[in-house]
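J.: Attaching a predicted model along with its sequence, questions to come.
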Number of protein chains: 2
Amino acid sequence: MTLAYDTETHAAPPAIAEVMQRLGLKMSFAKDEEIFAQDEDADLVHLVVSGAVRTTRLLSDGRRQVGAFYYPGDLIGLETGPIHRFSAEAICDSVVLVVRRTALKAFAGDGQLDRAIWEATRRELERTQEHLLVLGRKTACEKVASFLMSLAQRERPEAAATRVSMPMSRQDMADYLGLTIETVSRTITQLQADGLIEVRCCRQLLLKRPRALAELCE
Amino acid sequence: MTLAYDTETHAAPPAIAEVMQRLGLKMSFAKDEEIFAQDEDADLVHLVVSGAVRTTRLLSDGRRQVGAFYYPGDLIGLETGPIHRFSAEAICDSVVLVVRRTALKAFAGDGQLDRAIWEATRRELERTQEHLLVLGRKTACEKVASFLMSLAQRERPEAAATRVSMPMSRQDMADYLGLTIETVSRTITQLQADGLIEVRCCRQLLLKRPRALAELCE
DNA sequence: CGAACTTTTGAACCCCTTCAACATCAGTGG
DNA sequence: CCACTGATGTTGAAGGGGTTCAAAAGTTCG
């Protein structure tokens, strides 16, 4: 479990991670189990220890939008208002540390932690704005390429990794990118045919030409 | 110019609006003039006094995504990190109050203003997340309906107004909703044919059946 | 193995885009 | 006042990218 403070991930600021580890209650969630619900009071903050988490929002007819994916070291819930606009579910069996926001607030008087909370919110906003551009103005191919590159950067922030493993299903990817599972699957097949990636198993990829992939995201 | 503190708009928290009005430099921008640029240092905070502003992000080939629209009383720039991820332009001739963030920070020691900054960031995040759902999972018709309803709520927060005037062009709407101008135009024509709205002139609409429109957004 | 689920592949369709023409409006100057 | 011009918006027709529906192939786990 890495707790590095990285602007490109949801990583918890060290000050908050420390408090979480001191005060946090360890909870386990099975695959697809709900961690918190849409419209629920947001009185808890979660730090992912192992596994992976997605946040989702539903339209009345069941169409789903995935807001973001969270991995070990990432923080969920600091940035939310009094009520959760998205629900959160475990993508696979996961463990998270849970702390009451009020408990965190009790340690936030010194201003430094206050600032850390704002930073976390601000970075969440930046990622969401990036996501906005992907959903609004990119093609299916560019969407998938953008997603793969963001996964790669997460694993090796200093230089895009060539090996990428994905805990989420094709449905999760599709709902994150505003596509269907069929389109995601076809696009991955196409990227492989073009020699940009290699599919080891369906949740384990090799980025053969990361430079070319990155150009698809510009 | 209203400075009401409304969670559904970009309205400035009273504490910040007050400081802005005391310290702000009044600047005028012509239609389509740039207020700040993408990748520029974000050392200024802007309060819209009159007119309207859009934030935009460009892909390398010129495709454009509009991030948000801002109206009198709305604040721009508090939520940004050290560098602007979006540029901002005046939609029509506009006046804004400008203050250095450092100047604002000097008044932020009391914690209450600190909290106001976080709240502003948090509400910006919530709106962006709402926008995410619109871009990712809604049809053209639902997108336009959602946009019209958000405009209506802005004008009369207590009960959706029936009269809506839009300072932005069809191109701005299209780039906000991830559509083309033709599709936006056709959709508006269709909504009128269905009796949901009435087009007075192309930037002045009447919402005839706001309830039905709202159902399109669910 | 066998059942349930996930992923891939195929074929037809459709919503939105693209390309093109026309309409409308504001501003300018004869 | 009207002709001219450029910007903006609307409408039409054709095309394409992504969806939908269907079925096969692969994966997981009892």
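T.: Everything's here; your move.
J.: Chain A: strands as residue ranges?
T.: Taking DSSP state E as the criterion, chain A carries its strands at A:25-29, A:34-36, A:44-50, A:53-58, A:64-70, A:75-76, A:87-90, A:94-100, A:163-165, A:197-201, A:204-207.
J.: Out of those strands, which gets nearest to residue A:133?
T.: strand A:64-70 (14.7 Å; Cβ to Cβ). C-beta: built from backbone N, CA, C; applies to glycine.
J.: Ignoring the adjacent residues along the chain, who's closest to residue A:66?
T.: residue A:176 (3.9 Å; Cβ to Cβ, 6 or more residues apart in numbering or on different chains).
J.: whoops, residue A:89 was the one
T.: Using Cβ to Cβ, 6+ apart, the nearest residue to residue A:89 is residue A:34, at 5.3 Å.
J.: Also residue A:180?
T.: residue A:174 (5.5 Å).
J.: just checking, the one you found touches residue A:186?
T.: No - with contact defined as Cβ atoms under 8 Å, residue A:174 does not count as touching residue A:186 (11.2 Å).
J.: So which of the two has more stuff around it?
T.: A count of neighbours by other Cβ atoms under 10 Å in any protein chain shown puts residue A:174 above the other of residue A:174 and residue A:186, at 22 against 15.
J.: quick one: pLDDT of the more buried one?
T.: On pLDDT, residue A:174 comes in at 98.
J.: hang on, the earlier thing: residue contacts, the residue nearest to residue A:180?
T.: If you count contacts by Cβ atoms under 8 Å, 6 or more residues apart in numbering or on different chains, residue A:174 has them with A:180-181, A:183-184.
J.: State the distance from it to DNA strand D.
T.: Look at residue A:174 and DNA strand D: by Cβ to the nearest atom of the strand, to the nearest Å, they are 7 Å apart.
J.: Identify the residue nearest the geometric centre of chain A.
T.: Centroid-nearest residue in chain A: residue A:69, 2.0 Å away (criterion: Cα atoms, centre = their mean).
J.: Which residue, other than its chain neighbours, is closest to that residue?
T.: residue A:54 (5.5 Å).
J.: wait, what's in contact with that neighbour?
T.: Residue A:54 touches A:66-70, A:88-89, A:91, A:168, A:172, A:176, counting by Cβ under 8 Å, 6+ apart.
J.: go with 6 Å
T.: Residues in contact with residue A:54 (Cβ atoms under 6 Å, 6 or more residues apart in numbering or on different chains) are A:66, A:69, A:89, A:91, A:172.
J.: now residue A:30
T.: The contact partners of residue A:30, taken as Cβ under 6 Å, 6+ apart, are residue A:93.
J.: mind redoing it with 10 Å?
T.: The contact partners of residue A:30, taken as Cβ atoms under 10 Å, 6 or more residues apart in numbering or on different chains, are A:51, A:89-90, A:92-94.
J.: Next, count neighbours for residue A:200.
T.: 12.
J.: State the pLDDT value of the residue nearest to it when sequence neighbours are not counted.
T.: Counting by Cβ to Cβ, 6+ apart, the nearest residue to residue A:200 once its immediate chain neighbours are dropped is residue A:206, at 6.3 Å. pLDDT, residue A:206: 95.
J.: which residues touch residue A:206?
T.: By Cβ under 10 Å, 6+ apart, the neighbours of residue A:206 are A:161-164, A:192, A:197-200.
J.: Between which two of the residues you listed is the distance greatest?
T.: A:161 and A:192 (17.5 Å).
J.: Domains in chain A, by residue range?
T.: Domains of chain A are assigned by automatic domain parsing as A:14-133, A:138-215.
J.: which parts of the longest helix along chain A are buried?
T.: Longest helix in chain A by number of residues, with DSSP state H as the criterion: helix A:112-137. Residues of helix A:112-137 classed as buried under the neighbour-count rule (16 or more other Cβ atoms under 10 Å in any protein chain shown) are A:113-129, A:131-137.
J.: so can I have TSV of the contacts of residue A:30 showing pLDDT, neighbour count and distance to residue A:21?
T.: Shown next, in TSV, are those (pLDDT from 0 to 100; neighbours: other Cβ atoms under 10 Å in any protein chain shown; distance: Cβ to Cβ, whole Å):
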residue	pLDDT	neighbour count	distance to residue A:21
A:51	97	20	17
A:89	98	20	23
A:90	98	22	20
A:92	97	15	22
A:93	96	14	21
A:94	97	25	17
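J.: ok so, going back, keep only the contacts of residue A:206 that also lie close to DNA strand C.
T.: With Cβ under 7 Å from any atom of the strand as the criterion, the contacts of residue A:206 include residue A:199 near DNA strand C.
J.: Quick check: of the contacts of residue A:206, which lies closest to residue B:11?
T.: Using Cβ to Cβ, these come closest to residue B:11 at residue A:164, 41.9 Å.
J.: Around DNA strand C, pick out the residues from chain A.
T.: A:169-171, A:181-182, A:184-186, A:188-189, A:199, A:202-203.
J.: By pLDDT, rank these and give me the bottom one.
T.: residue A:202 (93).
J.: quick one: that residue and residue A:166 touch, right?
T.: Yes - the pair residue A:202 / residue A:166 is scored as a contact, 8.5 Å apart, by Cβ atoms under 10 Å.
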